[in-house]
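# the following comprises the amino acid sequence and a computationally predicted model.
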Amino acid sequence: MTLAASRSVQHGMFVIEREFAHAPARVFAAWADPQAKGQWFAAPAGQWKVLERKMDFRVGGRERLRGEWNGGRVSDFDATYHDIVQDRRIVYSYAMHIDEKKISVSLATIEVAPAGKGTKLVLTEQGAFLDGYDDAGSRERGTAALMDNLAKSLGGTP
């Protein structure tokens, strides 16, 4: 097999916008506080178990979430925080692995802004999907499900 045949990259980007009936500080804290984030940033209950969860929320800090799906596959989210503006913005990059294979590297930007009596959140993700991994929109759907989880954790409906 030639290098060109065994190595490839496909790029993708998506934007998800949500409004929450809570102050920007509360929505931001759901991302910044490890205990709060642990309430919503995970795969569906009963389908996946946490193997490792660490979070150091600061510029240069890291976040790691590894878990095992019921079928035995292990997913690994390994992130680095690059920019944090309190109650306004979070920028991080992350690599995703399935079992030991790196499937993608992404840049995510979370923007939080006042909107009426609540908050507008805009999540933008740019991804490089590696070596034949065909995302087929699953990252966007999974991230949208996480935003539904976030809404529930804040006491709202998705």
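Structure's in. What do you need?
# what residues of the helix or strand encompassing Val15 count as buried?
Counting by DSSP states H and E, the secondary-structure element that holds Val15 is strand 9-20. Buried residues in strand 9-20, defined by neighbour count with 16 or more other CB atoms under 10 Å: 12, 18, 20. To be clear about C-beta, it is placed using only N, CA and C from the backbone, and glycine gets the same treatment.
# the second one is in contact with Ala144, isn't it?
Put plainly, it is Arg18. No - with contact taken as CB atoms under 8 Å, Arg18 and Ala144 are classed as non-touching, separated by 9.0 Å.
# so who does Ala21 touch?
Contact partners of Ala21, counting by CB atoms under 8 Å, 6 or more residues apart in numbering, are 117-118, 156.
# now do the longest helix along the chain against strand 9-20, angle only.
Once the chain is assigned using DSSP state H, the helix that runs over the most residues is helix 138-153. Angular relation of helix 138-153 and strand 9-20 on a 0 to 180 degree scale: 20 degrees, by axes from the mean of the first three to the mean of the last three CA atoms, to 10 degrees.
# just the buried residues of helix 138-153, please?
By neighbour count, and taking 16+ other CB under 10 Å as the criterion, the buried residues in helix 138-153 are 139-140, 143-144, 146-147, 149-151.
# which one of the residues you listed is nearest to Ala108?
Using CB to CB, Thr143 is the member of these that sits closest to Ala108, with 8.5 Å.
# if I look at the closest one, how far off is Glu125?
In this structure, Thr143 and Glu125 are 7 Å apart, going by CB to CB, to the nearest Å.
# kindly report the same for Arg66.
Arg66 sits 20 Å away from Glu125 when distances are taken as CB to CB.
# repeat for Glu111
Using CB to CB, one obtains 12 Å as the distance from Glu111 to Glu125.
# and the two? which has more neighbours close in?
For Glu111 against Glu125, the residue with the higher neighbour count under other CB atoms under 10 Å is Glu125, and the figures read 18 against 15.
# how big is the angle separating the helix or strand where the more buried one lies from strand 9-20?
Element membership for Glu125, per DSSP H and E: strand 118-130. Using the same axes, to 10 degrees, the direction of strand 118-130 lies 170 degrees away from that of strand 9-20.
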